[in-house]
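K.L.:
Requesting a structural model of the entry that follows:
(6 chains)
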4 protein chains.
Amino acid sequence: MPIDATSPVPVFMQIADHIRRSVAAGVYKPGDTIPSLRAMALELVVNPNTVQRAYEELEREGVIQSRRGLGMFVTQDGVAGARARSLAAVQAAFTHGARAARAAGMSPEDTRAAFERACSDGQIDTRVQP
Amino acid sequence: MPIDATSPVPVFMQIADHIRRSVAAGVYKPGDTIPSLRAMALELVVNPNTVQRAYEELEREGVIQSRRGLGMFVTQDGVAGARARSLAAVQAAFTHGARAARAAGMSPEDTRAAFERACSDGQIDTRVQP
Amino acid sequence: MPIDATSPVPVFMQIADHIRRSVAAGVYKPGDTIPSLRAMALELVVNPNTVQRAYEELEREGVIQSRRGLGMFVTQDGVAGARARSLAAVQAAFTHGARAARAAGMSPEDTRAAFERACSDGQIDTRVQP
Amino acid sequence: MPIDATSPVPVFMQIADHIRRSVAAGVYKPGDTIPSLRAMALELVVNPNTVQRAYEELEREGVIQSRRGLGMFVTQDGVAGARARSLAAVQAAFTHGARAARAAGMSPEDTRAAFERACSDGQIDTRVQP
DNA sequence: GTGGTCTAGACCACA
DNA sequence: GTGGTCTAGACCACG
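P.N.:
Take a look at the predicted model:
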């Protein structure tokens, strides 16, 4: 996963978003464990505290559950929530883009063209490496 | 303009984005003045210093030029830059959305549907009131 | 005279400096009048209030004296002060440059070379047009 | 470093100039951190926000790079820029002095003498205390 | 009235 | 501890 440290959106949110999407996509299924705090921190070259905050966030949402000494497990009923939040995030991104396009005076055609371009670019595989 | 204080993207950037888009859309033309620091601050219910930061950014980009005692003026050749940056921002939003959709396991059809929904929602007029 | 509106040094000071130097150089001699407030403002494309502040500054220094309805006159004993202040300003500029050069790790040779270049560039005539 | 609050050049610019020169001189090398916002603010008896503005400017110039929670780091390729800007500033100071000298009617000999005096005065060590 | 700088002090994100 | 954003309110330069 690409972490953008310069982005205004906090790193811990980027991590949480990523896990949430992975759960929504079925990369991690209910009962699976997600990568350990330290493993994740090493992989992303990020402070463990930052990963911790992301995991806390997901636990609060009920997507994962910690079992001391065993790791973080994807819950049975958290998948629906993860899916809902992920779709909402996608919708929010598109809505934001559409509004910005309109505010900038872009024609509907150009806006649609930008979307098509985004779909091609989006083919870049962002799957997690387990 | 709607300012979202809870957004991870700083308020001053939201303001700068807004003005940039307005310039790109031709709401403010070269030679025009944009709303004064204090007027903008009052309208957005934000501290004047925050507006100032936004205006500084735009001045650095060459979109506007300050004249002490007179106001901030849209430059002749800053419009192209404003346009370019605005379009890039739109593209970035769509690309981000598309990537997130793919990462969440959304089908191309659902992704496209989300975009269409965004276009309808985007019709909300976000023009500035001068 | 070239006025730099973007400079951090206030416009009124730039004007005062210029007049002071002109007096020091003998362009305006004791008993002469300097250009009227409005003439100066028109020539420099500056607000009359700004010129006024410059003239006030010079009057406070004793370089000029206003005679109502007649204009601003260079005083007999103000010339020495104008000269002293102008020389001090020159000295200050060089000292500032020398310190900056040293702080930037420039060699004495390079520093001297920069000065020589400045002398060549300085030949640009900056005399007032009466 | 001496901060002159009465100078027409803003304090934050004085700070940025100082750091830029230090980087140009090799006091801070690529990969080094410069003093923290708060440390600098304490040392200069200045508000942290003021230091921040200076650091922002340097980051925009590419001289330093911020890492949240870690500090501000001198970049690999920002040193050249810092050097170039610093030399340009020295040149500007000398040119300004030379022009002022000429406008004040100083002889080339006196001008040169003023420069020599500046060089002696400039020996004052303005290195930062880390 | 305009923009520009500075301070004091708050809260947040990150290590 | 680090940097980053925001507020409230001050003073200055300019028109």
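
K.L.:
ok, residues contacting whichever strand or helix holds A:N49?
P.N.:
Assigned by DSSP states H and E, A:N49 falls within helix A:48-61. Under the contact criterion CB atoms under 8 Å, 6 or more residues apart in numbering or on different chains, helix A:48-61 has outside partners A:11-13, A:15-16, A:19-20, A:34, A:37-38, A:40-41, A:44, A:64-66, A:72, A:78, A:81-82, A:85. (Glycine included, C-beta is placed from N, CA and C.)

K.L.:
Next one: it, is it in contact with DNA strand F?
P.N.:
No. Interface with DNA strand F: helix A:48-61 contributes nothing (CB under 7 Å from any atom of the strand), its closest point being 9.4 Å away.

K.L.:
What residues sit buried inside that helix?
P.N.:
By neighbour count on 16 or more other CB atoms under 10 Å in any protein chain shown, the buried set for helix A:48-61 is A:T50, A:V51, A:R53, A:A54, A:Y55, A:E57, A:L58.

K.L.:
what's the distance between A:F12 and D:R68?
P.N.:
Distance, A:F12 to D:R68, using CB to CB, to the nearest Å: 11 Å.

K.L.:
more crowded one of the two?
P.N.:
Ranked by neighbour count (other CB atoms under 10 Å in any protein chain shown), A:F12 and D:R68 place A:F12 first, with 19 against 11.

K.L.:
Next up, the contacts around that one.
P.N.:
A:T50, A:V51, A:R53, A:A54, A:E57.

K.L.:
just these now: which is nearest DNA strand F?
P.N.:
Of all the contacts of A:F12, DNA strand F sits closest to A:T50, with 10.9 Å by CB to the nearest atom of the strand.

K.L.:
Return the member of the buried residues of helix A:48-61 nearest to D:A113.
P.N.:
Taking CB to CB as the measure, D:A113 lies nearest A:T50 of the buried residues of helix A:48-61, at 60.9 Å.

K.L.:
Single out the residue in chain A that lies closest to DNA strand F.
P.N.:
Residue of chain A nearest DNA strand F, by CB to the nearest atom of the strand: A:P8 (6.2 Å).

K.L.:
Please tell me I have it right and that residue contacts B:P10.
P.N.:
Yes. In this structure A:P8 lies within contact range of B:P10 using CB atoms under 8 Å: 6.1 Å.

K.L.:
Where does A:M72 fall, secondary structure wise?
P.N.:
Per DSSP H and E: strand A:71-74 holds A:M72.

K.L.:
and that strand, C-alpha only, in PDB?
P.N.:
Output of strand A:71-74 as PDB, limited to C-alpha atoms (Å, rounded to 0.1, in the frame of the first residue of the first chain):
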ATOM      1  CA  GLY A  71      -3.800 -10.600  17.100                       C
ATOM      2  CA  MET A  72      -6.500  -8.600  15.500                       C
ATOM      3  CA  PHE A  73      -9.400 -10.700  14.000                       C
ATOM      4  CA  VAL A  74     -12.000  -9.700  11.400                       C
END
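
K.L.:
same for that strand, what does it pack against?
P.N.:
Helices and strands touching strand A:71-74, as assessed by 3 or more CB pairs under 8 Å, 6 or more residues apart in numbering or on different chains; DSSP states H and E, comprise helix A:48-61, strand A:64-67.

K.L.:
Just checking the distance from that strand to the centre of its chain.
P.N.:
Relative to its chain's centre, strand A:71-74 lies at 17 Å (CA atoms, centre = their mean, to the nearest Å).

K.L.:
How about the lengthiest helix in chain A and chain B, any contact?
P.N.:
The longest helix of chain A (DSSP state H) is helix A:78-103. Yes. With CB under 8 Å from any CB of the partner chain as the criterion, chain B is reached by helix A:78-103 at A:83, A:86-87, A:89-91, A:93-103.

K.L.:
Just the buried residues of the helix or strand following that helix, please?
P.N.:
Going down the chain from helix A:78-103, the next helix or strand is helix A:108-121, by DSSP H and E. Neighbour-count burial for helix A:108-121 flags A:T111, A:R112, A:A114, A:F115, A:A118, A:C119 (criterion: 16+ other CB under 10 Å).

K.L.:
picking up where we left off before, from the contacts of A:F12, which single one is nearest C:Y28?
P.N.:
Nearest member of those to C:Y28, counting by CB to CB, is A:T50, at 67.7 Å.
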